[in-house]
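**Student:** Sharing a model prediction with you, sequence too.
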Amino acid sequence: MSEQSPVPSVHPATPSMQALKRVRTRHFQAAKEEGAPFTGLTSYDMLTAQIFDEAGIDFLLVGDSAGNNVLGYDTTLPVTVDELIPLTRAVARAVKRAFVVADMPFGSYENGPREALHTAIRFMKETGAHAVKLEGGERSADQIRRIVDAGIPVMAHIGFTPQSEHGLGGHLVQGRGAGAEKLLADARAVEAAGAFAVVLEMVPADVAQRVTQELRIPTIGVGAGPHVDGQLLVWTDWAGLSTGRIPRFVKQYADLKGVLSEAARAYKEDVQGGQFPTAEQSF
Ligand SMILES: Nc1nc(=O)c2c([nH]1)NC[C@@H]1CN(c3ccc(C(=O)N[C@@H](CCC(=O)O)C(=O)O)cc3)CN21
Ligand SMILES: CC(C)C(=O)C(=O)O
Ligand SMILES: [Mg+2]
C-alpha cells in the first residue's frame, strides 16, 4: 500500500484509489470525477476476499450469484438472507481495504420499504458489510430511499436483473432501442432515491455511456462496455471456474478449472502409483 499524505485535508483528494487505507462511498464519487476507473469482483469466502483485497480490487460484492457459484442452484431465485449472511461475514472479516457490498436476495425487499430496511439492517448488523445492493430502478426507489435514510449506503442494479430473469424472458441485453428511455428513467430514479452507485448489467455500450454522462453518481458496468465509471465481474466467470454458460461480456483472466482439475488428477495418480506420500511427507 502506498503512503498516505502526511497532512490530511478535510476533504481528502483521492488522486488514486490505490493509496486509500479503506475505500468508502465518497471515493467512488471522486473516482468518477477524476475519470479513474475502479474495479470490483464478486467474492463469497475469506480466501478469495483476502487475495482480491491484497491485489487492490476496490470493492467486493457478496453476490446472490453465490446461489449458482457456491450453493449449487440453477438461478439466484432460491437464495435466502440466512444463506448469504455467513458468506458476507467471511468476506467482510477478510478485507482491510476493499469496500464490501452485501447483495439482497430475491424476496427480501420487494414487499416494501419496511421489509427492505429490515433486511438491510440484518446485513449491516450481522456481517460487517459496508453497503447493500438491490435490483430494480423505479420499482425499487422507495426501498432505496428508506434504507439510505437509515444511514446505509445502497448500490442500485438496473438493466438485466437476474432475480427477474423469468419476467425479462431470459438473459437478454436490456435498454436496446426504445428500452433506452426506460433504462435512463430507472437510472434517474435510483440516483434521486439516494443510491451512491448503480450497476448497469448487460446494457448496450452507447446507452451505458449516456447514463454515465447524465448521472452524478458512478456507474458500474457488468457487460455494459467501457464508457462507465467502474467494472464488475463474477469472480468464478473471470477466473475460469464457472461450469455453466459464460456470458460474452466476460474476459477470462485465469483457467482455475484447468489448474484444479489437473491437480486433482495428478494427486489421484500419485496416490495410486505410490508417489504420495513419500518419506518427506511422513512423520
Ligand atoms: N454478471 C452475470 N450475471 C449473470 O446473470 C450471470 C453471470 N454473470 N455469470 C454466470 C451466469 C451465466 N449467465 C449468463 C448471462 C448471459 C449470457 C449470454 O450469453 N447472453 C447473450 C446476450 C443475448 C442478447 O440479449 O443479445 C450474450 O451474447 O452475451 C450467458 C450466461 C447468467 N449468470
Ligand atoms: C452480477 C452481479 C451484479 C450480481 O448481482 C451478483 O453477482 O449477484
Ligand atoms: Mg446479484
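**Tutor:** Sure thing, it's come through. Ligands and ions are numbered 1, 2, ... in the order given.
**Student:** Ligand 2 contacts on the stretch 151-283 of the chain?
**Tutor:** For the stretch 151-283 of the chain, the residues in contact with ligand 2 (CB under 6 Å from any ligand atom) are 157, 199, 201, 222, 232, 234. Every C-beta, even on glycine, is put in place using the N, C-alpha and C of the backbone.
**Student:** how near is the third one to ligand 3?
**Tutor:** Taking CB to the ion, to the nearest Å as the criterion, Glu201 is separated from ligand 3 by 9 Å.
**Student:** Do I have it right that that residue meets Ala156?
**Tutor:** No. Look at Glu201 against Ala156 with CB atoms under 8 Å: they stay out of range, at 11.0 Å.
**Student:** Just want to know which of these two has more residues nearby.
**Tutor:** Ala156 (29 against 23; other CB atoms under 10 Å).
**Student:** my guess is that one meets Leu200, correct?
**Tutor:** No. Ala156 lies out of contact with Leu200 (CB under 8 Å); the separation is 9.5 Å.
**Student:** just to revisit the earlier point, show me the residues of the stretch 151-283 of the chain next to ligand 2 that map onto strands.
**Tutor:** 157, 199, 201, 222, 232 (DSSP state E).
**Student:** Read off the pLDDT value for the residue nearest to the spatial centre of the chain.
**Tutor:** Compute the mean C-alpha point of the chain, and by CA atoms, centre = their mean the closest residue is Leu61, 3.1 Å away. Each residue has a pLDDT score; the one for Leu61 is 99.
**Student:** Let me see the contact set for the residue in the stretch 1-150 of the chain that ligand 2 sits nearest to.
**Tutor:** Closest contact between the stretch 1-150 of the chain and ligand 2, by CB to the nearest ligand atom, is at Gly63 (2.4 Å). By CB atoms under 8 Å, 6 or more residues apart in numbering, Gly63 lies in contact with 42, 44, 76, 103, 234.
**Student:** Check Thr119 too.
**Tutor:** Thr119 neighbours (CB under 8 Å, 6+ apart): 81, 104, 108-109, 132.
**Student:** Tell me the residues of the stretch 1-150 of the chain that contact ligand 3?
**Tutor:** Residues of the stretch 1-150 of the chain found near ligand 3 (CB under 5 Å from the ion) are 63-64, 103.
**Student:** Which one of those is nearest to Phe123?
**Tutor:** Minimum distance to Phe123 across these is 9.0 Å, recorded for Asp103 (CB to CB).
**Student:** beta partners for the closest residue to ligand 3 within the stretch 101-250 of the chain?
**Tutor:** For the stretch 101-250 of the chain, the residue closest to ligand 3 is Asp103, as judged by CB to the ion, at 4.4 Å. Asp103 has these beta-bridge partners by DSSP bridges: Lys133.
**Student:** same check, this time on Leu233
**Tutor:** Beta-bridge partners of Leu233, as defined by DSSP bridges: Leu41.
**Student:** mind starting the numbering at 55 from now?
**Tutor:** Let's use 55 as the start, then, which means that last one is Leu287.
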